[in-house]
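Engineer: No letters, just coordinates:
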C-alpha cells in the first residue's frame, strides 16, 4: 500500500470509490504487465526523484600505453665495442660501475669503492662506455617514469568522485574496491620503476590496470543507461506519472484476478436472481391486472341484465 500510495490518491479510506476504480481498471486497462520490482524501481525515479536532470557520468579513460613504454623493458647498458665492455657485461655490473662512475670526479683517480688508484685511462674508458646513447636512454627512462606517475595521479584526482561521492546508480562499495586495486597496482609499479631507476640494466614489466578500468566503465555504462531513462522520465514526468499509475493498477488487477472473478460470478448470480424476481413480480402484476379487468367486465355484464 505504501509503495503504491501515489496511485491511490483520493481512494484511501473510501471502499466504494476504490471498488469502482478497480472495476473500471479491470474492464478497461490493457497496459503491459510489469513485475512488482520493476514498478518499485520506476516509482523511485518517477515519484521520489529530485525531478532535476542528472548529468551523464563521463567514461573513465586511462592511457595504458604509459604502462608499456619500451624503455622499461630496455636493458640500459654502456657501449659494447670497447675493451672493458666484455668484462662489465660478463659480470653484469653495469649499474654498479655506473654508480662509481658518477662519483669518480670527486675521488681524484681513486676507486670510490675499493679506494685503490685507478689506471690513467680508466675514467676515459668509462666516459666512452657510458656514452651519449646511454645518457639519452637514462633521460628517456626518467621522463617515462615521471609521465607514468603524473598521469596516474591525475587519473585518481579526476575520477576519485566515483568512490567518494554518492553518484546515482553507482555501486559505491564496488567502485571503492576497484580503485583500491588500481592504487595497489600503481604502488607495486612504482616500486618496480624505482628499482629500474637505480638499476637501468634491469628489465621490468609493469602490471596493467586495464581490466579494472574496463570494470569501472562497465559500471558507468550501466549507470548511464539508468540515468538516461531517468532524464527521459523527468522530461516527460506528467505523462510518465499517468502511465505508471495505470501500470500499477494493471498489476493490482492481475494480482487480485481470483477475487475479481469471484466477485463477478457472485454479482452475476445476484443480478440473475434479482432479474428473475422482477420478472416474477411483473407476471404477478400482469395477472392481477387481468383478473381485475375481467372482474370489472363481469360486473358490467351483471349490471346490464338487472331489471
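Structural biologist: Noted; the coordinates are in hand. Just so it is clear, the model here is predicted, and its values are computed rather than measured.
Engineer: Would you map the strands across the stretch 51-200 of the chain?
Structural biologist: For the stretch 51-200 of the chain, no strands are identified by DSSP state E, counting those that start in this stretch.
Engineer: pLDDT weak spots in it?
Structural biologist: Scanning the stretch 51-200 of the chain for pLDDT under 70 picks out the ranges 51, 78-132.
Engineer: So which residues of it form helices?
Structural biologist: Assigned by DSSP state H, counting those that start in this stretch, the stretch 51-200 of the chain shows helices spanning 70-73, 85-91, 94-103, 122-129, 132-159, 161-164, 172-198.
Engineer: Neighbours of residue 284, how many?
Structural biologist: Neighbour count of residue 284, defined by other Cβ atoms under 10 Å: 10. Just so you know, the C-beta spots here come from the backbone N, C-alpha and C atoms, and that holds for glycine as well.
Engineer: Correct me if wrong, but it is in a helix.
Structural biologist: Yes. Assessed by DSSP: H, G, I helix; E, B strand; the rest coil, residue 284 belongs to a helix.
Engineer: and it, what pLDDT?
Structural biologist: pLDDT, residue 284: 77.
Engineer: ok, it to residue 277 distance?
Structural biologist: Distance, residue 284 to residue 277, using Cβ to Cβ, to the nearest Å: 10 Å.
Engineer: go on, residue 173?
Structural biologist: Counting by Cβ to Cβ - residue 173 and residue 277 are separated by 69 Å.
Engineer: wait, what's in contact with the residue nearest to residue 17 when sequence neighbours are not counted?
Structural biologist: Nearest residue to residue 17, sequence neighbours excluded (Cβ to Cβ, 6 or more residues apart in numbering): residue 11, at 5.1 Å. The contact partners of residue 11, by Cβ atoms under 8 Å, 6 or more residues apart in numbering, come to 17-18, 21.
Engineer: How about residue 197?
Structural biologist: So residue 197 contacts 141-142, 145 (Cβ under 8 Å, 6+ apart).
Engineer: redo that, cut-off 7 Å
Structural biologist: 141, 145 (Cβ atoms under 7 Å, 6 or more residues apart in numbering).
Engineer: Contacts for the helix or strand that contains residue 243, please.
Structural biologist: According to DSSP states H and E, residue 243 maps onto helix 237-255. Counting contacts by Cβ under 7 Å, 6+ apart, the residues outside helix 237-255 that touch it are 4, 6-7, 25-26, 29, 31, 33-34, 36, 39, 42-43, 46, 51, 233, 260.
Engineer: Buried ones among those residues?
Structural biologist: Burial by neighbour count, 16 or more other Cβ atoms under 10 Å: within the contacts of helix 237-255 this picks out 4, 7, 25-26, 29, 34, 39, 42-43, 46, 233, 260.
Engineer: In the residues you listed, find the pair that's most separated.
Structural biologist: Greatest spacing in these, by Cβ to Cβ: 233 and 260 (30.2 Å).
Engineer: Okay then, goodbye and thanks.
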